[in-house]
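*Asks:* Structure for the following, please:
(4 chains)
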Amino acid sequence: MNASSSEILTQGLTVKLEADLDKNFGETIAREAHGEKLFGCIQCGNCSAACPLSVWMDYTPRKVIAMVRAGFKQEVLSNRTVWLCASCYQCTVECPKGIKITDVMYALKREAIENKIYPKNFPVPILARTFYSEVKRTGRINEIFLLTNYYLRYNIFKMLGYASLGVRLFMKRRLSLFEKGMTNRKEFRSMLNQ
Amino acid sequence: MKYLYYPGCSLKSSGKHYEISLLAVLQKLGIEVEELENWNCCGATNYMSINENYALEITARNLGIAEKQGGDEVIVPCAACFMGFLKTQKYMESESGIRDRVNQILNHSGLSYNGKVQIRHPLDLLVNQLGADALTRTVEMPLKDLKVASYYGCQLIRPYATFDDQWNPHTMDDIARAMGATPVDWPLKSRCCSGSMTSTMTDIGLRMNYVILKEAKSRGADVIITACPLCQFNLECFQGKISRKLKDDVRIPVMYFTQLMGLAMGIPAKKLGLKQMLSPSLVLN
Amino acid sequence: MPVNEEARVGFYICHCGHNIANMVDVTAVAEYAAKLPNVVLSRDYKYMCSDPGQEMIAKDVEVFKLNRIVVASCSPLLHENTFRTATSKAGINQFYFQMVNIRENASWVHEDKEMATLKAKDLVRAAISRVVFHKALEKKKVPVNPDVLIVGGGISGISAALTIANAGKKVYLVEKEPTIGGYMAKFDKTFPTLDCAACILTPKMSAVLKHPGITLLSYSEVSAVDGYVGNYHVKVTRKPRYIIEEKCVGCFACIDACIFKEAKFSDEFNEGLSKRKPVYIPFPQATPQVVLIDDKTCIHFKTGKCPQTCAKACDRNAFDFDQKPVVQELEVGTILLCTGFQPFDAARAPYYGYGRYSNVYTSLEVERLVNASGPTGGHVVLRDKSKPKSIGIIHCVGSRDEKTNKWCSRVCCMYSLKLAHLLKEHTDAEIYNFYIDMRTPGKGYEEFYDKLLNEGVHFIRGRVAEVSDWAINDHEKGKLVIRVEDTLIGMVRRIPVDMVVLAVGIEPGKDAQDIRRMFNISCSNEGFFLERHPKLAPVETFTDGIYIAGACQGPRDIPDSVAQAGAAAAQALALIDSGFVELEPNTAFITEELCCGCQVCINMCPYHAITFDDGKGKSHINEALCKGCGTCVAACGSGAITQNLFEDQQILSEIYGLLVE
Amino acid sequence: MPLTEQTKQDWSPRIVAFFCNWCTYTASDLAGVSRLRYAPSTRVIRVMCSGRIDPEFVIEAFTQGADGVLIGGCHPGDCHYSEGNYKCLRRYHLLQRVIAQMGIDQRRLRLEWISASEGKRLQEVVNEMTETLRQLGPSTIREVVQTVIK
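*Replies:* Model (predicted):
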């Protein structure tokens, strides 16, 4: 089989061809994040240094912004970096250009969910989606149901590590199966279905 | 003046002792609260990650209930709920498209939100409205010689700093001082506790909590006080695990600021939810 | 609508290259104008302001017997004078001219050519309808007072004062501090040549003092300004030093004799890094060499129970504890504002720990620390007297930040490099520079950067997020930890240092708004004084005869400030040497027959130009005092007041022309 | 004349704008130099000071068919002639009552303080006012006046 020149040249991880970029990605995300001025970013890196989680990220937040506006859609959305954002807003309050980076991260998470290209079997989006359907079902969060469902979807064996903590909390009545919930769940659900 | 009260899911379960102690303290101070009828979850960070419209709608529903129920101010003690409420309020205030769409949906349930209800955190109420002096006057057992590290976490003051200094928050320190204790100055008072990451990326979550516990201890604190159920849960419930895993004893009492106040104000431990704590809790002699 | 049968209007529309023609269909407008009443001639031309354009008007006036000219082009604030002169050269009164702004007000701000053309037609119709009612007027010439007031005695004010005085003019230099010299006097060395600031500044300061043409009013502030170009009346309030300036010889015997044996009050000149006594001189080379008493700390002023050892030590009887503020009145023709800047208050960036950690310094404090005549005699030691082994210099503090100051302060990169060099020289510490972008445009500046790169100073590209004393290992214990992303490497770094230097930016002075109001000039959005034109009139303001130079107009280093001071001095000298100014004849007058004597107009006038003649029972306007705002005209119920150039009929015709086709 | 949705989109109101020479006129020059795009609705008449604006000018503009009148002056305290803008403000309040009695919607007359450096503000004000006038539709006062005269 003949390898094309482009295949040969892109075998390394350091090359990206313009044709493989999604040129509208930056604008889509900026719009999704309520007109954030992504293109005003001066790449100063304050966000990365302020972020308490950047040490565990594959890309620093600054790099994420650079990649988003350059159109590296696949790389950004399939990576776990955005899911490590804990929404602490430290970057947002420090950004000298007033970019609400946390909201940009939210927009990226939503875009990933919508495009179904978030990292597979990665716990954070699974918890988010479990939480989402739990609230939709009952209107409030019951931590027992939330966590049980989450571990069922993610990895039931991991739940074992939390069993003793769960039991202790249960004994202290900080977890309960019978917490009073909403009375008109149907109406609440229908609101979300509009 | 009647205050509306939105507890949120945590204060009904893992953060039960926050609710118990908060209500006890407010009662002692003569502040009446009325729980929102049929409130729903605020959606926390998860709804924002999945669907922004839904996130705003479900929070606006609570605000709509508050307006319907009457009353000018709603007390929101959970930091995540508090921030979510503020965020929804700001979006509905500044973007007419969002305001109209959300209200259209609320209308189906006979609700609407017009920005009338003010969103307040108990710290705001206690420190900025009642004032430290008034709190001091209620103290029966001053917490003399107690060194307190106030831990504010993230969403109480970020991105919106409505009642405290974003860069150097002080309201909990003010309360500690009013209770006769000595606040500890430390640099991690608003560093993130990792939120729900203790259940998802456990390793990262535990490490993030470790640095906070470690620093508070090394600055000589006897107790950490918080105002967020997730912060309190993480710092309290995982400290044993953290100490074992990272082979460093970082155990330290982690309480809600309302529990600390209750102790100083002479409220019996039973009414402060102290029995519901896992970590060594602070009982005064 | 009345018409003027005799008016013969020549209409010209300018393409301004593509600037207008791209968005306004100029030929269509020209064709449209040709059909309007009174229009004899209508042309479009590439550049009306060019010589051929102006000559065309002259030729047409002759051939077509035109007696009114309308030009549709740019803003009248830019070229009204050009075309008035052209009109006058063509042999008709220059006020038979009207300008239509279709560039700034149309082609540059619209996107729909059809609508822009429609708007241009409306505006042209209005101007033609107005110009037929124009009257011939003469500009009034008034002599220019050759004396000059310069406000601010920093390097800009000093340079301008010397230039103007050397040209033989009288200069009043007003400085609010007890000494001239400004911020430059506090610096140690200057970039990029590293010559000593004092060595190049102090000779200039003493030249100011010795110059027979310069009257130095130090420790004084302008308190009122009145008048107009060529004839300003200024009140200067001289603050009490409690020392008779003429008697003091600067022997400082009084300072030694002060009842306070130890200096115990914060020394402003040393940025609070040292102490001074209540009787003091800011620094040894202060100009004038006159001591002063700080009445807020002096025992005499606080209690009245001081034995006045200072006064007794003075063998020239220079002390006068009863001095009060004195107002001095000046008459000048031109004014130069060189009021400078203020450094950004580092406490407004709480994440860098200024005021919280004692080892965080501002750049200005470090200027004093490295200065041989500074509080430590040039030894760089921290507040605990230890010598720093590692130093982080954080650039852009307060600058390039939407929450504080949006702009780049221009000087910080270079002075940070300078301080890096000096600190390295003084301490041999490890030095880190944290920058967002390195900005070194200027003669010899990039070379200076290159020199530093090779001196072993570390450069990290990234904005520092936080400075804190949170140590995560023994290496960081007891240090200040700087958290930053090294954006060139893409990793977050924690760098422990002994000392942090905050390169604070330049912002408008605290009193910039008060000064602006007093001198009737404008500020741009960020609060620096607004120049008349950003490129073509950078030292002029919208108020004639008032010029600006130095950092009051925008962030600026010493070479640029001196250059700008020279430019402002040249502008002032040009005006003085022309001998007179021509005033816009837009003053108002009262037609006595129509005046009913109600006196409503009198209270309208902010200049007290209107008086009431009791004998006649009529009001009268003193033309010399009238500034031409027209407020009285609008207030006159009987239509007795007319404002030249803005007559009711002219404006009403303009309105009518705008709206009625 | 009530407008259909379609013509509402196409129709552009005509605003007579009286700008003072020192602040608002300079701001409009700045908007031009900065290439800030705004609706092509204004027709500027330059006066030295907003204090020069005779109420008669405003009434005349409306009766000759202006859909709106915008007055621009210096911010309070910043008037080039000390206090002309205050005089203007007084007349503006009076005018608001007069035009209301004439049956002109009060939103058709607007007074704004726009300093020489606020090109952006000028853009916003013009766009906002244009939008308001689009909602209100063309002014009919000219026809009314003409009928009365007849």
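
*Asks:* When you work out contacts or count neighbours from here on, use the C-alpha atoms and nothing else.
*Replies:* OK.

*Asks:* Let me know the pLDDT of residue A:23.
*Replies:* Note on residue A:23: pLDDT of 87.

*Asks:* repeat for the one 10 residues further on
*Replies:* Residue A:33 is assigned a pLDDT of 90 by the prediction.

*Asks:* any idea how far it lies from residue B:49?
*Replies:* Distance of residue A:33 to residue B:49, given as C-alpha to C-alpha, to the nearest Å: 12 Å.

*Asks:* Same check on residue D:118?
*Replies:* For residue D:118, the distance to residue B:49 equals 39 Å [C-alpha to C-alpha].

*Asks:* Neighbour count: these two, which is higher?
*Replies:* A direct count of neighbours by other C-alpha atoms under 10 Å in any protein chain shown for residue D:118 and residue B:49 places residue B:49 higher, at 25 against 20.

*Asks:* which residues touch the helix or strand where that one lies?
*Replies:* Residue B:49 belongs to helix B:44-50 when assigned by DSSP states H and E. For helix B:44-50, contacts defined as C-alpha atoms under 8 Å, 6 or more residues apart in numbering or on different chains pick out A:87, A:106-107, A:109-110, A:113, A:128-129, A:131-132, B:54-55, B:80-81, B:84.

*Asks:* so where's chain B uncertain?
*Replies:* Applying pLDDT under 70 to chain B picks out residues B:1, B:280-285.

*Asks:* In it, which residue sits nearest chain D?
*Replies:* For chain B and chain D, the shortest gap (C-alpha to the nearest C-alpha) falls at residue B:96, measuring 14.9 Å.

*Asks:* sorry, back to before: please identify which two of the contacts of helix B:44-50 are farthest apart in space.
*Replies:* Maximum pairwise distance in these, criterion C-alpha to C-alpha, is 23.3 Å, between A:113 and B:81.

*Asks:* Look at the two and report which has more neighbours.
*Replies:* For residue A:113 versus residue B:81, the count of surrounding residues by other C-alpha under 10 Å is larger for residue B:81: 25 against 18.

*Asks:* burial of the nearest residue to that one once chain neighbours are set aside, as a residue count?
*Replies:* Nearest in space to residue B:81, with sequence neighbours left out and distances taken as C-alpha to C-alpha, 6 or more residues apart in numbering or on different chains, is residue B:42 at 5.7 Å. As a burial measure, residue B:42 scores 29 neighbours (other C-alpha under 10 Å).

*Asks:* now swap in residue A:163 and tell me
*Replies:* By other C-alpha under 10 Å, 11 other residues sit near residue A:163.

*Asks:* repeat for the one 10 residues further on
*Replies:* Counted with other C-alpha under 10 Å, residues neighbouring residue A:173 total 16.

*Asks:* next one: residue D:40
*Replies:* Neighbourhood size, residue D:40 [other C-alpha under 10 Å]: 28.

*Asks:* Same question for the one 10 residues further on.
*Replies:* As a burial measure, the neighbour count of residue D:50 was computed by other C-alpha under 10 Å and equals 34.

*Asks:* Check residue B:69 too.
*Replies:* For residue B:69, using other C-alpha under 10 Å, the count is 14.

*Asks:* and it, how far is that from residue A:182?
*Replies:* Per C-alpha to C-alpha, residue B:69 is found 16 Å from residue A:182.

*Asks:* which residue is nearest the middle of chain A?
*Replies:* residue A:83 (3.3 Å; C-alpha atoms, centre = their mean).
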